[in-house]
Structure formats: C-alpha cells, structure tokens
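# Requesting a structural model of the entry that follows:
(chains A and B)
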Number of protein chains: 2
Amino acid sequence: MSLIDLSKQVALGIDIGGTNTKYGLVNHRGEILEKGSIKTDEYDRVEDFIDALYLKIEPLLKNHSGTQRQFDGIGVGAPNANYFTGTIEQAPNLPWKGVIHFTDLMTKKFGVRCKITNDANAAALGEMMFGAARGMKDFIMITLGTGVGSGIISNGSLIYGHDGFAGELGHTIVKPGGRKHWSTGSEGSLEAYASATGITITAKKMRAEFPDSMLNSYPEDQINSKVVYECAKKGDPTAIEVFRYTGQKLGEALANFVMFSSPEAILLFGGVIKAGDFIMKPAKLHMERNLLPIFRDKVKLVFSELDEADAAILGASALVWEK
Amino acid sequence: MSLIDLSKQVALGIDIGGTNTKYGLVNHRGEILEKGSIKTDEYDRVEDFIDALYLKIEPLLKNHSGTQRQFDGIGVGAPNANYFTGTIEQAPNLPWKGVIHFTDLMTKKFGVRCKITNDANAAALGEMMFGAARGMKDFIMITLGTGVGSGIISNGSLIYGHDGFAGELGHTIVKPGGRKHWSTGSEGSLEAYASATGITITAKKMRAEFPDSMLNSYPEDQINSKVVYECAKKGDPTAIEVFRYTGQKLGEALANFVMFSSPEAILLFGGVIKAGDFIMKPAKLHMERNLLPIFRDKVKLVFSELDEADAAILGASALVWEK
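Modelled structure (predicted):
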C-alpha cells in the first residue's frame, strides 16, 4: 500500500440555494481550483437539475484527472437537507417538492459517494477545516443572513441529533409570546429578531416611534439592514437603537447556547455581521450578563475568516473529508 | 490474551451530596452488590473525607476480590465537578472550598483510576447504561429536584463542551427579565420556575391572589411542591394552575433544547415529576407548540426507570465503563 498524497485529492463542493447553485473543485488546503454555477430555479425536476450539473462539472473533473488528482467525493449544502437519509425534505425555497433522495441521485450520476447537510452545518465544517475555527473542537456557528442558521460542533463533530435535524437555533424562542415569525408562525424566535428580515421589521417599528429619525427619509420598501447600517454610521440614534435591540436579543440567545454546549467560541457569518460593533457590543454584553459565572469571559465571539462568496462551497466540500 | 469476563467486573459509584455521600459496588448489569453512606458535612478537609470513605469501602473491596472480581475503577457524581480536570470547583453546598483535585486524591488513596462529573451528567450515563435510555444515542436528561440539572447525550456520548461545564440547562433563560434566581441572581432561568424551590415561590404568589385556594390553609413555611401536589389532587384550581404554569415554562424550555440537539427523548427524573400529568401535560403541550414542524410529535417525554435511591450511584459507576 502506498502513502496517500493529500495534495492530489480533490472534492466537489456544491451549495444549493433557491436561485443559484454554486459548485467548486476544492483541494485539501481549501483552495478552489475551479468553480461555476447554474440556476436552481430553472429546473422543475431534480433529475434535470442533476443532469445540467453533470454537463458543467464533468469537463472540470476530466481536466483534473489529467493531472493525476484523485476525486474523493461530493459534499452538498442545501436547505432542509438531512445528513442521515441523504434527502432534501420539503424545502420551501427549492423547486422540488416532497422528499428528494438527493445523494442517491448524485452518486448514480457521478459515480462517487455524496454527502449532504444543511447550509449552516456545512459552513461550520468549512470553518473548522479551513477557517477561523481551525483547531477548535467545540464551537457554534451562527449564520445571520435573510434567516438565522446554525451548526454546532461538539468534540470535533457536528451534532446531527437523532434524526439529522439538530441545530435549528434560529428557531429557538428568545421572547415567549414575542414577534410572530412570517413563515413558521412561531412567536419570539431568534430569527424573528436577529435576521436581516427581523432587523427590517424592528427598523420600521422604531422609525414610526421616532419621527426625527434619519430612517424616515427612506420610502417604506427601501428600509433594510443596509440602510439601517448607513444611518447608524451617520449617528442616527434610532438606527443605533435598532442594532442595540437586535444585539440584545442575539446575546440573550447566545447565553443559552453557551450553557448548552459550552463552546470555545461562537463564530458569526453572514450579511448582518457587517453592522459590526453596533450589534456585537450589545450582543456580547447581554450574553455575558445572562451566563452563569463559570462561563463568563471565556467564550470568544469571532467573525468568519472565509470569503463570503466561497464559504458555502468550501463548507460543502469539507463534508467529504469529515472524520 | 484471555477473554474478559464482564460478569466479574465491578465499579465503585459514589454520589457526593451536601449532607450525605452514598456509595455502592456495581456490576455490569447495574446491580448494586454492596452499598453504604457517610456524612459529607462532617469533614472540613477533603483528605479526611477520603480517608473516611476508604475505611468504609476497603473491606467491601476485599470481600469481593475474594470472589475473583475485578475492580475496574471509581466513578463520582458531585456538584460543580469537572470531567476534564477531575476537580470539584467552588461548590456552594460542599464543605471544601476552592478547587479540589478530587480524582487525583482518590486515585492516590484507592490505587485505581477515578473519573468525576456533575450529578446530572452521571444520571444521564446511568439511564443510558441501565435505565430508560438503553439503546438511545441522543437524549437529554433533566433532573427536577431542589434545583434543575441536566445531562446531554449526543451520538452516544455526554456533551462536556470546551471546558467540561456543558449542560447547565437549568440556568438557561426561559423568560428574559423574569423571576430573579435566589442564588445566581439571573433573571428568568428555568430553575427559577421548574425546580421544587421555584414551584414553592409560584405557589406562594398564586395563593395570595386566590384567597379561596386550599393552599391558604397551610402556614407559609409549610408550602412546598408536595403540599401543592396534595391540593391539586383534591381538585384545588390554584394548585392545578401552579403546576400548569410550571409545566408551561418547562415545555417552552424543552422546545429550545430539542431544536438544539434533536434528541430521541427527554428523560425526566427527580421529586418534581411526582406531580405527573399536572406538570407533564402542559409541558408537552407547550413544547410541541414551540417546535418547528419538523420536530413535532417525535420527541418522547419519558420518566426515569431507575430507583431514585440508587440512580445516583448507578450513574456514577457508569462513568467507569463509559466509552
């Protein structure tokens, strides 16, 4: 048996989103050798989607087999994906309804093993293998974008839970009886406050209370977390309060997460973190305030180190090499 | 190399409480072959405590070595115990202050390896090895007694976290800005509502609001969760409401726990569960109501199967044989 030359191994990372699907050929150092994308929403049948992917990717694989690289497998990040069953189930933003046996279909087409998990879990693996969580065995990844996702690493492995759906921290309740979620109908979830969507709702409420706010110079349909950030930077107290309130809710939630799994760090990723200290200072304050003394001043809040455009592909590819 | 005869292996399980310390010699089937106890609070120095334990236990070990049993090690459950460091740290209810290197002292005295963890983690291991969680790989153990403790099993192992303190679910916040905790000072923790202490506080508040309640026939210092249970059984609406409210807070917390680690079951243990359906029905209702649809009607709420007097010893002994 000869030694395996890690530098010659490549994995295919695929990130399936509602509109676009991005893919990349990734090596063990987290370098993306080739990448591309197709439109997810152009394919009503998942089989047609996979055929289209194959037509795009097969030439890339051929290129790289010429350099004696070994194609190790495919990792996929997708909404509502289940690691155990290899399925995508009832994903509201994807064109394929019901239970899709995605990894089986991929393996049939590509002839290699395929693993799948939800996007936030993939992001957590990507951070552990290539990003800010290198060397960490216990951390929580929180993605703050249109929604709030999460991936929990404990003792070096993702927590999948009994049925593969663990780590839905965006849907934990931070304020019982609080803001109704636009999609799930739950009351007071973290996502209802700390996502970009939640920030927009908070901003619309608060600008109505403070007629002097700079936020009132924008038409209703232009209010979003970017506009709030612009106004906060200019010193608008209402915009600053929008982020302070968001940070408080986030911090209260993070305290509960810490007392659950006692992570070394919480990694934050996504568009919302661009608000920086406007959110992070109150988040840190309220996290510490709600922690038992044994947890205080220990847990780092860290921003992702991965390039946002590539993180999802890297994360998905990390599934292939996961222990 | 000869095969190991599991039936001949024994472990010593020790449960350290503020007043009493119980110990037992346990075999692989979870049978307690010998047991006994000493007073914890009679020993101001931990070295004296360990000497006293040794004097009691050494004869038992001698007895059993005569039957060719193999003494595999010692497992200890104790408040504020740290699995990684083998220490007991700043335990408010124990006579030994500061950081106690407990497992080192035990190994020196007894000449075998010793492992320690907090009482609720030990209880979770005991349930997995000998109790209602046999065969489960993902469950959460909640102990509802004077306080609220927890142990989280994920993929067949306890979650210890980065520093060994994971699983403090009793201190997660279920009502931000809510009831102040008598000891930690936190506001709105699960323990402040769902422990026996919390139930007593709720009962005292509610009986003041409802002068007709049966609870008002008891002097203030006799109000406790047992009395509330007696009144609830007799149909007192206020006593029933005390448990309903407690169950609601518990259920809301359980929903968050489920969305964290997606367990197969939640195991409940401790004096408070004697209230049965008075608490469990509202707990189940509010857990389900706060779950994302993908988690609904899946997670079992199960009572411990271990005899309450023995559970802590069995749990501690299970540490010895943990993977």
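
# going forward, measure contacts and count neighbours with C-alpha atoms only.
Noted.

# So for A:Ala196, what's the nearest residue that isn't a sequence neighbour?
With Cα to Cα, 6 or more residues apart in numbering or on different chains as the criterion, A:Ala196 has its nearest non-adjacent residue at 4.9 Å, and that residue is A:Thr146.

# residues touching that neighbour, list them.
A:195-197 (Cα atoms under 8 Å, 6 or more residues apart in numbering or on different chains).

# Just give me the neighbour total for the closest residue to chain B within the stretch 1-150 of chain A.
Going by Cα to the nearest Cα, chain B is nearest to A:Asp138 of the stretch 1-150 of chain A, at 5.5 Å. For A:Asp138, the count of nearby residues is 25 (other Cα atoms under 10 Å in any protein chain shown).

# Contacts only, for it.
A:152-156, A:261-265, B:161-162.

# Check A:Met106 too.
Going by Cα under 8 Å, 6+ apart, A:Met106 touches A:50, A:114.

# swap in A:Lys137?
Here A:Lys137 is in contact with A:153-157, A:264, B:162 (criterion: Cα under 8 Å, 6+ apart).

# give me that answer again for 7 Å
Applying Cα atoms under 7 Å, 6 or more residues apart in numbering or on different chains to A:Lys137 gives the contacts A:153-156.

# and it, helix, strand or coil?
For A:Lys137, the secondary structure call by DSSP: H, G, I helix; E, B strand; the rest coil comes out as coil.

# Tell me the predicted confidence for A:Asp119.
On pLDDT, A:Asp119 comes in at 88.

# The one 3 residues further on too?
With respect to pLDDT, A:Ala122 scores 93.

# Is it correct that it is in contact with A:Gly75?
No: in terms of Cα atoms under 7 Å, A:Ala122 does not count as a neighbour of A:Gly75; the distance is 8.6 Å.

# if you count what's nearby, which of those two comes out ahead?
A:Ala122 (31 against 27).

# wait, what's in contact with the more buried one?
Contact analysis of A:Ala122 by Cα under 7 Å, 6+ apart lists A:77, A:312, A:315-316, A:319.

# That one: which element?
helix A:119-130 (DSSP states H and E).

# other SSEs contacting the helix or strand following that helix?
Sequence-wise, the next helix or strand downstream of helix A:119-130 (DSSP H and E) is strand A:139-144. Helices and strands touching strand A:139-144, as assessed by 3 or more Cα pairs under 7 Å, 6 or more residues apart in numbering or on different chains; DSSP states H and E, comprise strand A:148-154, strand A:265-269.

# out of the ones you listed, which comes closest to A:Ser217?
Closest to A:Ser217 of the helices and strands packed on strand A:139-144 is strand A:148-154 (Cα to Cα; 28.4 Å).

# Can you check the pLDDT for A:Ala265?
pLDDT, A:Ala265: 98.

# In stretch A:198-206, which residues are buried?
Neighbour-count burial for stretch A:198-206 flags A:198-204, A:206 (criterion: 16 or more other Cα atoms under 10 Å in any protein chain shown).

# Reformat those residues as a markdown table; add distance to B:Trp182, pLDDT and secondary structure.
Below are the buried residues of stretch A:198-206 laid out as a markdown table (distance: Cα to Cα, whole Å; pLDDT from 0 to 100; DSSP: H, G, I helix; E, B strand; the rest coil):
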| residue | distance to B:Trp182 | pLDDT | secondary structure |
| --- | --- | --- | --- |
| A:Gly198 | 34 | 97 | helix |
| A:Ile199 | 35 | 98 | helix |
| A:Thr200 | 38 | 98 | helix |
| A:Ile201 | 36 | 98 | helix |
| A:Thr202 | 34 | 98 | helix |
| A:Ala203 | 37 | 98 | helix |
| A:Lys204 | 39 | 98 | helix |
| A:Met206 | 35 | 98 | helix |
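
# And the strands in the stretch 201-323 of chain A?
With strands called from DSSP state E, counting those that start in this stretch, the stretch 201-323 of chain A shows them at A:265-269, A:300-303.

# The shortest one pairs with which strands?
Each strand that strand A:300-303 pairs with, and the sense of that pairing, follows from DSSP bridges: strand A:265-269 (parallel).

# Just the angle for the partner strand relative to strand A:148-154, thanks.
Angle between the axes of strand A:265-269 and strand A:148-154 is 150 degrees (criterion: axes from the mean of the first three to the mean of the last three Cα atoms, to 10 degrees).

# Contact residues of chain A facing chain B?
Residues of chain A lying near chain B by Cα under 7 Å from any Cα of the partner chain: A:138, A:154, A:159, A:161-163, A:165-169, A:172-173, A:175-176, A:186, A:256, A:259-264, A:290.

# mind redoing it with 8 Å?
A:137-138, A:154-155, A:159-169, A:171-176, A:184, A:186-187, A:252, A:255-256, A:258-264, A:290, A:292, A:294 (Cα under 8 Å from any Cα of the partner chain).

# Could you give me the ChimeraX selection string for whichever of those residues are buried?
Those of the residues of chain A next to chain B that count as buried under 16+ other Cα under 10 Å are selected in ChimeraX with:
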select /A:137,138,154,155,159,160,161,162,163,164,165,166,167,168,169,171,172,173,174,175,176,186,187,252,255,256,258,259,260,261,262,263,264,290,292
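
# Restricted to helices, list the residues of chain A next to chain B.
If you go by DSSP state H, these have A:252, A:255-256, A:258-261, A:290 in helices.

# Quick check: the residue nearest the centre of chain A vs B:Pro92, distance?
In chain A, the centroid-proximal residue (Cα atoms, centre = their mean) is A:Ala120; its distance is 3.4 Å. Remark: distance between A:Ala120 and B:Pro92 (Cα to Cα, to the nearest Å) = 39 Å.

# A:His101 now?
A:His101 is 53 Å from B:Pro92, by Cα to Cα.

# Tell me which of the two has more neighbours.
A:His101 (16 against 13).

# got a list of what the nearest residue to the more buried one once chain neighbours are set aside touches?
Once flanking residues are discounted, A:His101 sits nearest to A:Thr87: 4.5 Å by Cα to Cα, 6+ apart. Applying Cα under 8 Å, 6+ apart, we find A:Thr87 in contact with A:81, A:99-103, A:116.

# now, which of those residues lie within strands?
Using DSSP state E, A:81, A:99-100, A:116 are the members of the contacts of A:Thr87 that sit in strands.

# Identify the residue spatially nearest to A:Leu94, adjacent ones excluded.
The spatial neighbour of A:Leu94 that comes closest, neighbours along the chain excluded (Cα to Cα, 6+ apart), is A:Gly18 at 5.1 Å.

# okay, now the domains of chain A?
The record's domain parsing of chain A by automatic domain parsing lists A:6-128+A:309-321, A:135-304.

# Now render these as CSV, adding distance to B:Arg244.
Output for those, formatted as CSV (distance: least, Cα to Cα, whole Å):
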stretch, distance to B:Arg244
domain A:6-128+A:309-321, 34
domain A:135-304, 16
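
# re earlier: of all the contacts of A:Thr146, which comes closest to chain B?
Once Cα to the nearest Cα is applied, the member of the contacts of A:Thr146 that ends up nearest chain B is A:Ser195, at 17.0 Å.

# Do you know the pLDDT at the closest one?
Looking at A:Ser195, its pLDDT stands at 96.

# residues touching it, list them.
Residues near A:Ser195 by Cα under 8 Å, 6+ apart: A:144-148, A:272.

# now do 6 Å
Under the criterion of Cα atoms under 6 Å, 6 or more residues apart in numbering or on different chains, the contact partners of A:Ser195 comprise A:144-148.

# Over to A:Arg134?
So A:Arg134 contacts A:Met128 (Cα under 6 Å, 6+ apart).

# so what's the backbone phi/psi at it?
phi -60, psi 130 (degrees, to the nearest 10).

# cool, A:Thr184 as well?
The phi/psi pair for A:Thr184 (degrees, to the nearest 10) reads phi -80, psi -20.

# And the pLDDT at it?
90.

# Got phi/psi on the nearest residue to it once chain neighbours are set aside?
Counting by Cα to Cα, 6+ apart, B:Leu292 is the residue found nearest to A:Thr184 once chain neighbours are left out, at 7.1 Å. The phi/psi pair for B:Leu292 (degrees, to the nearest 10) reads phi -60, psi 150.
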